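>>> Below: sequence and its predicted model.
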Amino acid sequence: MNTKSYQQLIEEARKKTGAPLDQALTLPGAFYTDPSIFELERKALFEAGWLFICRDDQVAAPGDYFAADTAAGPVLIARGEDREVRAFANICRHRGSILLEGQGSCRRIVCPYHAWSYRLDGRLSSAPEMAALPGFEPTDNGLIPLRMESWAGFLFITCNDNAPPLRNWLGDMPDRLASHKLEEMRHVWTVSLEASCNWKLLLENAIEAYHTGLVHRDTVGAQASRGIETRGHWACLQVLSDRSIATLPGDEPGFAPIAGLDEEARQGTYFTAILPNCQFAVAQDCLWWLNIRPLSVDRSVVEIGGCFPADSIARPDFEPLARPYFERWEKVGREDVAILEKQHRALMSPKHRPGRFGPREEQVRLFDLMILDALAAG
């Protein structure tokens, strides 16, 4: 399919998905299975927008670093000796090796290939045997910086120098979640799950409760929900419950609701979807995230991270009280991955045709429309 054909496919999908909910159609299978569309998404979404990488408190001390592979390339977050947090392309300036992986602490960033080393502020510190090379200037060979901004302790990067400020990208989400005091939370737990499916399936699933009574019948069960009107690059569903649903129905929440929650926040958990690839699920007593990292058109990594208010973490009984939360998040995540891998297999069939959205899938339609709008603009 040539570029013009892809443009036509995108425009046709925009018309059908952009119709009123009771007439709209889901995306064609090619949007989940075609590698060329995945490359269009890489350019129009992942290289152009804001990507959540980690929490500020995950790189709390000088020397702490966090490395992540993203659809916009490998990223490195590091806190310097001056306590400033910076973002870089996780690429050696010599021959392009990955520098660091995972999470840890170091005094210098040393390339494992030829031992070029960098200070934590990105400056080149040592390049063995290169000093004799005519015209070689260490100041020209530091790490490539990335634009980074923070909201409520969450660190986002963009590869696009012309991207709007992060707060503009998030629209009214910071105001909607203000009473949860997310900036006072701390990260305590992470698990990563491999998923043999397209990244969009994971986000679509995360903002509808239509599936929960069946897929999660033995865990969270059926859920009542309502759509939340949003402004900015995000969609939102609120699952209604007067108690935190961050634990399973048989496990009572171990922590009290956050003091000062506004009336709407007390009514349930916000399930957000922030374009392009992450969700913050914000309950009355905690937050967990899904950070979807696409590896290819049919492979993704689902990072699930959990945060609690600092006063909850300070409790001497925090660990046993928090364990049911961790178990619930991972168990439900694995249930979702299992059904979405089946969905992806079905979408590869040449017999697949777009279906109708149900009355509880408006947020999925809106999120898909954001993706289509970005592809059309790109």
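Noted; the coordinates are in hand.

>>> Would you mark the buried spots in the helix or strand hosting Arg186?
Using DSSP states H and E, the element containing Arg186 is strand 185-195. Neighbour-count burial for strand 185-195, counted by 16 or more other C-beta atoms under 10 Å, picks out Met185, Arg186, His187, Val188, Trp189, Thr190, Leu193, Ala195. All C-beta atoms are positioned from the backbone trio N, CA, C, and that covers glycine.

>>> does the third one really touch Ala60, like I thought?
It refers to His187. No. His187 lies out of contact with Ala60 (C-beta atoms under 8 Å); the separation is 9.5 Å.

>>> quick revisit: partner strands of the strand holding Arg186, with direction?
Applying DSSP bridges to the sheet, strand 185-195 is found paired with strand 299-309 (antiparallel).

>>> for the strand it pairs with, what is the average pLDDT?
Averaged over strand 299-309, pLDDT sits at 98.

>>> Show me how far it is from its chain's centre.
8 Å (C-alpha atoms, centre = their mean, to the nearest Å).

>>> Buried residues in that strand, which are they?
For strand 299-309, the neighbour count (16+ other C-beta under 10 Å) marks Ser300, Val301, Val302, Glu303, Ile304, Gly305, Gly306, Cys307, Phe308, Pro309 as buried.

>>> ok, of those residues, which one's closest to Ala346?
Ala346 lies nearest to Ser300 out of those, by C-beta to C-beta, at 16.8 Å.

>>> The closest one bridge partners, please.
Bridge pairing for Ser300 - DSSP bridges - gives Ala195, Pro294.

>>> hey, where'd the strands end up in the stretch 201-350 of the chain?
With DSSP state E, counting those that start in this stretch, the ranges of strands along the stretch 201-350 of the chain come out as 225-228, 234-240, 268-274, 278-282, 287-296, 299-309.

>>> Switch these over to JSON lines; also include distance to Arg86.
Converted to JSON lines, the strands of the stretch 201-350 of the chain look like this (distance: least, C-beta to C-beta, whole Å):
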{"stretch": "strand 225-228", "distance to Arg86": "34"}
{"stretch": "strand 234-240", "distance to Arg86": "26"}
{"stretch": "strand 268-274", "distance to Arg86": "22"}
{"stretch": "strand 278-282", "distance to Arg86": "21"}
{"stretch": "strand 287-296", "distance to Arg86": "20"}
{"stretch": "strand 299-309", "distance to Arg86": "21"}
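
>>> For Gln8, find the nearest of those strands.
For Gln8, the closest of the strands of the stretch 201-350 of the chain is strand 287-296, at 24.2 Å, according to C-beta to C-beta.

>>> And the contacts of that closest one?
For strand 287-296, the surrounding residues in contact (C-beta atoms under 8 Å, 6 or more residues apart in numbering) are 35, 38, 41, 46, 52, 68-71, 180, 182, 185, 198-199, 202-203, 206, 246, 277-281, 300-308, 325, 329, 333.

>>> Which parts of it count as buried, going by neighbours?
Leu287, Trp288, Trp289, Leu290, Asn291, Ile292, Arg293, Pro294.

>>> all helices of the stretch 201-350 of the chain, in order?
212-215, 310-313, 318-347 (DSSP state H, counting those that start in this stretch).

>>> How far off centre is the last one?
Spelled out, that is helix 318-347. 16 Å.

>>> Average pLDDT for the helix or strand that comes right after it, rounded please.
Using DSSP H and E, the helix or strand that follows helix 318-347 in sequence is helix 362-377. Across helix 362-377, the average pLDDT comes to 97.

>>> Between strand 268-274 and helix 362-377, find me the angle.
Angle of helix 362-377 versus strand 268-274, following axes from the mean of the first three to the mean of the last three C-alpha atoms, to 10 degrees, is 20 degrees.

>>> Could you list every helix and strand in contact with helix 362-377?
helix 3-17, helix 35-41, helix 199-206, strand 234-240 (3 or more C-beta pairs under 8 Å, 6 or more residues apart in numbering; DSSP states H and E).

>>> Burial-wise, tell me which of the helices of the stretch 201-350 of the chain comes out on top.
Ranked by mean neighbour count, the helices of the stretch 201-350 of the chain are led by helix 318-347 with a mean of 17 (mean count of other C-beta atoms under 10 Å).

>>> Now do it against strand 299-309: the angle between them, please.
Interaxial angle of helix 318-347 relative to strand 299-309 (the same axes, to 10 degrees): 150 degrees.

>>> May I ask you to confirm that Ala281 is in contact with Ala273?
No. At 10.2 Å, Ala281 does not count as touching Ala273 under the criterion of C-beta under 8 Å.

>>> Check Lys4 and give its pLDDT.
pLDDT for Lys4: 68.

>>> same question, the one 3 residues further on
On pLDDT, Gln7 comes in at 93.

>>> same question, the one 10 residues further on
Looking at Thr17, its pLDDT stands at 98.

>>> how many other residues sit next to it?
22 (other C-beta atoms under 10 Å).

>>> so who does it touch?
When contacts are counted by C-beta under 8 Å, 6+ apart, Thr17 touches Ala24, Leu25, Thr26, Leu27, Arg365, Asp368, Leu369, Leu372.
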